[in-house]
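Colleague: here's my sequence, what's the structure:
(chains A and B)
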Amino acid sequence: MNLKFRNKRISGILTIVPSKEIAFEDELDNYNFTRAQSLKLKLVMGYDRHRIFDEDVCASDLVVKGINHLVDQNKLKKEDIDALIVVTQSPDYLMPPTSTIVHGKLDLKQDIFCLDINQGCTGYIVGLYQAFMMLEQENITKVVLANADILSHKVSKKDRNSFPLVGDAASITIVERDTNNSEIFGNIKFDGKGWDALMIPAGGFKTPSSPETSVLVDDGAGNYRSKDNLVMRGDSVFNFVQAMVPPLIQDLMEFASVDKASVDYYMFHQPNKFMLKKVADKLGIPHEKMPHNIVENFGNASGVTIPTAITFNLGEKMLTQEYLMCLSGFGVGLTWGSMLIKIGNLNFCNIIEY
Amino acid sequence: MERILNILKNIRPEEDFTSSQDFISDGLLDSFDLISLVTDLDSYFSISIDGMDIKQENFKNLDAIKNLLIKNGVQI
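Modeller: Just a heads-up that it's a prediction; the model follows:
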């Protein structure tokens, strides 16, 4: 589905990352890699270090920390927040919505639209689209989009497919009306037939967590995980990304009548370095235009990798420069989407630690 | 073929790749080794194997790898 929006802009991006950093080498005893494999994978996949939170940190803590930071820095006024979107797959509770917990902790006004979205690696794209749609309402002029995931708590430490790559993080993106008549082009697709390619089998209403669901089982390839843990069918996800993302971007460029070469940056979700490089090669995009350094520096924090790619790679440049960016997310659902948007002259664009 | 064998031996020095017709089923390579193999082939032959071609059947034996390289314009 193609989407088009006018007169909307991103005015600031903040990323919140854990202060706790763990090196891949320090976790090698958890996996059955040979020394040679480890060194190779470090280079190829981007296994190097990742940042994860302790067990007592929740998604709402990160969002509250981020918004309070912006308020303290005079970058945001609580009373100006007309809508709060929290995109997360690690909500504090099954109910109530995490956005309302954040609302309560921050003592925000009651005349507000709070919304949770259960999305993963496409969560930044989906969240932005939701923010743009909210801004069509005359009473909504400023939306706080919060992406937050702490999926390390749901990934088995003995799962060499997933644990070396997983990271925790959150981001706060301010989305508001724009008077420059700017156009934003986008698209999004879903294929629910692939719902089980990435999932946490137990813990919901279908299969509640129990002593049985917490038992670690060998998957036959040397990965030990339980039904309470995230499971990814790596081959299926890889094939899905390689098959679906390049045509998605081609379609976006045609829809927007924009040449790929005129895009300054391709800020894509970063599942791992290898997968992203293959997408770039397929599209004929120079690797320097598609940063792939988030996994090796922070880990894959699901919907937060795109804003982290922007804050980490461009940071202060975003305060004075404007770039034409192609954003793209893809993963759980299955969901894949992209967006062509000018981003720049931001009020803030940085990373803080929790 | 010698160049392919050298790359394979570099990944798994302990294995004999000349006597297997299915490296994956026979346990000579696992899924992480395939990623290393693709990266090494890309680098050695200055190609970029299409992501859609990264499937086990294209790496299951020497002939399959040779055919994939030919598809990518490598003269074997």
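
Colleague: tell me the contacts of residue 21?
Modeller: By default, I'm working from chain A. Counting by C-beta atoms under 8 Å, 6 or more residues apart in numbering or on different chains, A:E21 touches A:49-51. (Glycine included, C-beta is placed from N, CA and C.)

Colleague: wrong one, chain B
Modeller: B:60-61.

Colleague: distance from the chain centre to the longest helix seen in chain B, please.
Modeller: Counting residues, the longest helix found in chain B (DSSP state H) is helix B:31-45. Here the centre of helix B:31-45 is set off from its chain's centre by 7 Å, with C-alpha atoms, centre = their mean, to the nearest Å.

Colleague: hmm, that helix touching chain A?
Modeller: Yes: on the criterion C-beta under 8 Å from any C-beta of the partner chain, helix B:31-45 is in touch with chain A at B:31-33, B:35-36, B:38-39.

Colleague: for that helix, packing partners?
Modeller: The contact analysis (3 or more C-beta pairs under 8 Å, 6 or more residues apart in numbering or on different chains; DSSP states H and E) places helix B:31-45 against helix A:35-44, helix A:273-283, helix B:2-11, helix B:62-71.

Colleague: any chance of a markdown table for these, columns mean pLDDT and mean neighbour count?
Modeller: Shown next, in a markdown table, are the helices and strands packed on helix B:31-45 (pLDDT from 0 to 100; neighbours: other C-beta atoms under 10 Å in any protein chain shown):
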| stretch | mean pLDDT | mean neighbour count |
| --- | --- | --- |
| helix A:35-44 | 78 | 17 |
| helix A:273-283 | 94 | 22 |
| helix B:2-11 | 90 | 16 |
| helix B:62-71 | 94 | 16 |
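
Colleague: select, out of those helices, the one closest to A:Y129.
Modeller: Closest to A:Y129 of the helices and strands packed on helix B:31-45 is helix A:273-283 (C-beta to C-beta; 21.2 Å).

Colleague: who's in contact with the closest one?
Modeller: So helix A:273-283 is in contact with A:44-46, A:238, A:241-242, A:245-246, A:249-250, A:260, A:266, A:268, A:270, A:286-287, A:289-290, A:292-293, A:295-296, B:35, B:38-39, B:48, B:50-51, B:54, going by C-beta under 8 Å, 6+ apart.

Colleague: on that earlier part again, by neighbours, which of the contacts of A:E21 wins?
Modeller: When neighbours are taken as other C-beta atoms under 10 Å in any protein chain shown, the top entry among the contacts of A:E21 is A:H50 (27 neighbours).

Colleague: please, which helix or strand holds that residue?
Modeller: strand A:49-51 (DSSP states H and E).

Colleague: stretch A:126-140: which residues count as buried?
Modeller: Neighbour-count burial for stretch A:126-140 flags A:126-132, A:134-135, A:140 (criterion: 16 or more other C-beta atoms under 10 Å in any protein chain shown).

Colleague: count the residues that sit near the closest residue to A:T305 other than its chain neighbours.
Modeller: In this structure, A:T305 finds its nearest non-sequential neighbour in A:Q270, 4.4 Å apart by C-beta to C-beta, 6 or more residues apart in numbering or on different chains. Other residues lying near A:Q270 total 28 when counted by other C-beta under 10 Å.

Colleague: and A:Q270, helix, strand or coil?
Modeller: Secondary structure, DSSP: H, G, I helix; E, B strand; the rest coil: A:Q270 is coil.

Colleague: next, work out how far apart it and chain B are.
Modeller: Computed with C-beta to the nearest C-beta, to the nearest Å, the distance linking A:Q270 and chain B is 15 Å.

Colleague: which residues sit in contact with that residue?
Modeller: So A:Q270 contacts A:46, A:276, A:291-292, A:294-295, A:300, A:305, A:309 (C-beta under 8 Å, 6+ apart).

Colleague: check these and tell me the two furthest apart.
Modeller: A:P291 and A:N300, at 13.6 Å, using C-beta to C-beta across the contacts of A:Q270.

Colleague: neighbour-wise, which of these two wins?
Modeller: Applying other C-beta under 10 Å to A:P291 and A:N300 shows that A:N300 carries more neighbours, namely 26 against 19.

Colleague: where does that one fall, phi/psi-wise?
Modeller: phi -90, psi 110 (degrees, to the nearest 10).

Colleague: cool, A:P271 as well?
Modeller: phi -70, psi -40.

Colleague: what about it, neighbour count?
Modeller: 26.

Colleague: residue contacts, the residue nearest to it when sequence neighbours are not counted?
Modeller: Residue nearest to A:P271 in three dimensions, not counting chain neighbours: A:N300, with 5.7 Å by C-beta to C-beta, 6+ apart. By C-beta under 8 Å, 6+ apart, the contact set of A:N300 is A:165-167, A:270-272, A:294.

Colleague: among the residues you listed, which one sits closest to B:A64?
Modeller: After measuring those against B:A64 - C-beta to C-beta - the closest member comes out as A:N272, at 24.4 Å.

Colleague: rewinding a little: identify the bridge partners of the residue nearest to A:P271.
Modeller: A:N300 has the following beta-bridge partners by DSSP bridges: A:V166.

Colleague: in CSV, list the contacts of A:Q270 along with distance to A:E183.
Modeller: Below are these laid out as CSV (distance: C-beta to C-beta, whole Å):
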residue, distance to A:E183
A:G46, 34
A:L276, 27
A:P291, 25
A:H292, 28
A:I294, 28
A:V295, 32
A:N300, 31
A:T305, 25
A:A309, 23
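
Colleague: which one's the longest helix in chain A?
Modeller: From DSSP H, the single longest helix across chain A is helix A:234-256.

Colleague: helices and strands around it, which ones?
Modeller: So helix A:234-256, by 3+ C-beta pairs under 8 Å, 6+ apart, packs with strand A:183-190, helix A:273-283, strand A:322-331, strand A:335-344.
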